[in-house]
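Q: requesting a structural model of the entry that follows:
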Amino acid sequence: QVQLEESGGGLVQAGDSLRLSCAASGRAFRTWIMGWFRQAPGKERESVAALKLSNGRTYYADSVKGRVTISRDNAKNTVYLQMNSLKPEDTAVYYCAADTDGTEISASTYGYDYWGRGTQVTVSS
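A: Down below sits the predicted model:
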């Protein structure tokens with residue numbers, strides 16, 4: 001059974017930083033592909049970043065490239081999303097997702113078979 005739990009969201013001002021955490025359960029954590037997605041009201045869920053844990057390969061959406069870093073702590077089975085220079089358009093519910101049997105990073109929600117409940121990030125102008 002795989003469980004994902006996000007934390008670290010909150011209300012911040014434009015230009016501030018936040019670090020989101022995703023704690024995962026599951027013995028094969030180091031073989032997974034982990035993704036961060038977000039969904040703003042009235043919009044589709046979109047990929048923010050992803051990390052292939054076996055080789056460290058990463059993916060970033062163009063909208064966050066240069067402002068966001070995805071990282072992991074294997075000892076804690078935790079993936080992080082460091083977000084800097086936050087903008088009001090970054091406001092969304094942020095979800096952590098795990099692709100437990102994939103081989104390549106994907107920006108699509110398809111292939112991610114486990115999802116967390118999400119954490120709200122609100123950026124005020």
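Q: OK, contacts around G35?
A: Counting by C-beta atoms under 8 Å, 6 or more residues apart in numbering, G35 touches S47, V48, A49, A50, L51, C96, A97, A98, D99, I105, S106, Y112. Backbone N, C-alpha and C define where each C-beta goes, glycine included.
Q: check A24 too.
A: Contacts of A24 (C-beta under 8 Å, 6+ apart): V2, Q3, L4, W32, M34, N77, T78, V79, C96, A98.
Q: residues contacting the fourth one?
A: Spelled out, that is W32. W32 sits next to A24, G26, L53, A98, D99, T100, G102 when contact means C-beta under 8 Å, 6+ apart.
Q: show me where the chain has strands.
A: Here the chain has its strands, by DSSP state E, at 4-7, 10-13, 18-24, 33-39, 46-52, 57-60, 68-73, 78-83, 92-99, 114-115, 119-124.
Q: tell me how many other residues surround the residue nearest to S7 when sequence neighbours are not counted.
A: Of all residues not flanking S7 in the chain, S21 sits nearest, at 5.0 Å (C-beta to C-beta, 6 or more residues apart in numbering). By the criterion of other C-beta atoms under 10 Å, S21 has 17 neighbours.
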